[in-house]
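Sequence first, then the predicted structure:
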Amino acid sequence: MRILVIGNGGREHAIVWKLKQSPKVADIYCAPGNGGIAGLATCVPIAVEDVDGLVAFAKEQRVDLTVVGPEVPLLLGVVDRFEQEGLKAFGPRRQAALIEGSKRFAKELMRKHNIPTAAFASFTNAEEAKAYVREQGAPIVIKADGLAAGKGVVVAQTVAEAERAIAEAMEEKVFGEAGNEVVIEEFLSGQEVSLMAFLDGKTVKPMVVAQDHKPAFERDKGPNTGGMGTYSPVPQIPAEVVEQAIDTILWPMHEAFRQEGIEYKGVLYAGLMITAEGPKVIEFNARFGDPETQVVLPRLETDLVEVMEAVISGTLDELSLSWSEQAAVCVVLAAGGYPGSYEKGWPISGLESVPDGVVVFHAGTKRRDCGIVTAGGRVLGVTALGADIKDARDKAYQQVKTISFKDMHYRTDIAAKAL
């Protein structure tokens, strides 16, 4: 098989790495890819937004399967377009991907179908939004309605902080058009957990759970990021709570799509808060999470190509997923200044020797004549497998110590909650 993977992040490196293990795969292309993906696949300089270019390339190279990594092309309707051209693509169509593209759409769908989530209100007028915040009090959560690369959420501890977040999103347009509308939610307390599943329009097959670390600094301080590290399994969340989430959130969401006339095929990501009343949805994403994929796919023992083909053909019920008992921990190495402004182009050292059981997934990197250099905010994700969380964590941090680039920063407490 010839496969095209769309994207250039750590998630896409993990997907390419996993697909490469399948005996069904002959060639992998990645558009546009990154410095690490280039060691496993042929990178082609086509932007993720260039739907015409992606279609033309897939036809020209007789690609058998295209896997869509990030959310932007999904919301541009890349899967719809590929299907119209008679090409196989893994990922939800545009209408289904709105579950991530519009937080208001997602919240209204959950409210209509009684899926447990935080109480909310949405606003297109900044003054009305601020008045609502003053009425509700803090802590309170402010979300840009559209796509904001994982950074459009502010958990405001004071009313003043909430008003500031509204002003930034709606008046100063720090997230562009994504902030034309804001969704304001009640603050939920508890532990967060990421639960992803494969859906084929008829069946839900959950993956193993992971826990992400969103804030930039130790002890969950600092601004939200796209994710500073993850681990799987999440031993402090009882198995029956995960089962409850599957029964009260994943299957009902699948049924909600069906009732709304939306065929959902691909990965559905549920970001959950485990509250005193049980699991509640913080957000849905229409694709593999990043950096959750970097700990979930290394634990998948079933051939990923077979899973994706079953999703596309609607035969997921005939496939059983097998998962490793090993634990996985991923530590993200970020550029100085991230999630704010940061410099690019710094050489990275220490990537040459990586022991068995450890994988360094590249996110913001480029290959230059001088070697691999930084090219993004989240630069690398160091993933280690181990007998348990402590073992995997020790191996990951041991590897982190061998890698360096100018102003590199990372959290030292990834997976500490599990211990």
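Thanks, I have it. Numbering: from 1, shown residues only.

Next, the buried residues of stretch 362-370.
Of all the residues in stretch 362-370, those buried under the rule 16 or more other CB atoms under 10 Å are 362-367. For glycine as for every other residue, the C-beta is placed from the backbone atoms N, C-alpha and C.

Is the most far-flung residue of the chain relative to its centre in a helix, a strand, or coil?
No residue in the chain sits farther from the centre than residue 135, which is 33.4 Å out by CA atoms, centre = their mean. Residue 135 falls in the helix class when you classify it by DSSP: H, G, I helix; E, B strand; the rest coil.

what's the distance between it and residue 208?
41 Å (CB to CB, to the nearest Å).

try residue 355
In terms of CB to CB, residue 355 sits 23 Å off from residue 208.

These two: which is more packed in?
More crowded of residue 355 and residue 208, by other CB atoms under 10 Å: residue 208, with 19 against 10.

what's the pLDDT at the closest residue to residue 13 other than its chain neighbours?
Excluding its sequence neighbours, the residue lying closest to residue 13 (CB to CB, 6 or more residues apart in numbering) is residue 361, at 4.4 Å. At residue 361 the predicted local distance difference test score is 98.

so residue 361 bridges to which residues?
Per DSSP bridges, the residues bridged to residue 361 are residue 381.

for it, what are its contacts?
10, 13-14, 17, 36, 291, 294, 330, 380-383 (CB atoms under 8 Å, 6 or more residues apart in numbering).

got any ranges where this protein has weak pLDDT?
Counting by pLDDT under 70, the chain shows low-confidence ranges at 150-151.

Can you give the domain ranges for it?
Domain ranges of the chain: 2-94, 125-180, 191-318, 327-418, per automatic domain parsing.

Relative to residue 111, which of those domains is closest?
domain 191-318 (10.5 Å; CB to CB).

start to end distance for that closest one?
34 Å (CA to CA, to the nearest Å).

Check stretch 298-310 too.
End-to-end distance for stretch 298-310, by CA to CA: 20 Å.

again with stretch 337-350
Stretch 337-350 end-to-end distance (CA to CA) = 22 Å.

And stretch 2-17, by the same measure?
Using CA to CA, the end-to-end distance of stretch 2-17 comes out at 15 Å.

So which bits of that stretch are buried?
Buried, per 16+ other CB under 10 Å, within stretch 2-17: 3-17.

separation between residue 226 and residue 292?
Distance of residue 226 to residue 292, given as CB to CB: 11 Å.

Give me the more crowded residue out of the two.
Using other CB under 10 Å as the criterion, residue 226 and residue 292 rank with residue 292 on top: 29 against 24.

For that one, which residues are in contact?
Residue 292 neighbours (CB under 8 Å, 6+ apart): 194, 196, 210, 212, 227, 230, 232, 269.

The fifth one - how many residues pack around it?
The burial metric for residue 227, expressed as a neighbour count using other CB under 10 Å, is 24.

Over to the fourth one?
Burial of residue 212 is recorded as 24 neighbouring residues (other CB under 10 Å).

Quick check, it in contact with residue 232.
No - if you go by CB atoms under 8 Å, residue 212 and residue 232 don't touch, sitting 10.2 Å apart.

I would like the residues contacting stretch 128-139, please.
Counting by CB under 8 Å, 6+ apart, 121, 123, 140, 142, 155-159, 161-163, 166-167, 170, 182, 184, 186-187 sit against stretch 128-139.

Strands - which of those residues land there?
Per DSSP state E, strands hold the following members of the contacts of stretch 128-139: 121, 123, 140, 142, 155-156, 182, 184, 186.

re earlier: just the buried ones from the contacts of stretch 128-139?
Neighbour counting over the contacts of stretch 128-139 (16+ other CB under 10 Å) leaves 121, 123, 140, 142, 155-156, 159, 161-163, 166, 170, 182, 184 as the buried ones.

Switch these over to a markdown table; also include distance to residue 262.
Output for the buried ones among the contacts of stretch 128-139, formatted as a markdown table (distance: CB to CB, whole Å):
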| residue | distance to residue 262 |
| --- | --- |
| 121 | 24 |
| 123 | 26 |
| 140 | 30 |
| 142 | 28 |
| 155 | 30 |
| 156 | 33 |
| 159 | 37 |
| 161 | 36 |
| 162 | 33 |
| 163 | 36 |
| 166 | 31 |
| 170 | 29 |
| 182 | 25 |
| 184 | 26 |
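
Among the residues you listed, find me the one that's closest to residue 41.
Nearest member of the buried ones among the contacts of stretch 128-139 to residue 41, counting by CB to CB, is residue 155, at 37.6 Å.
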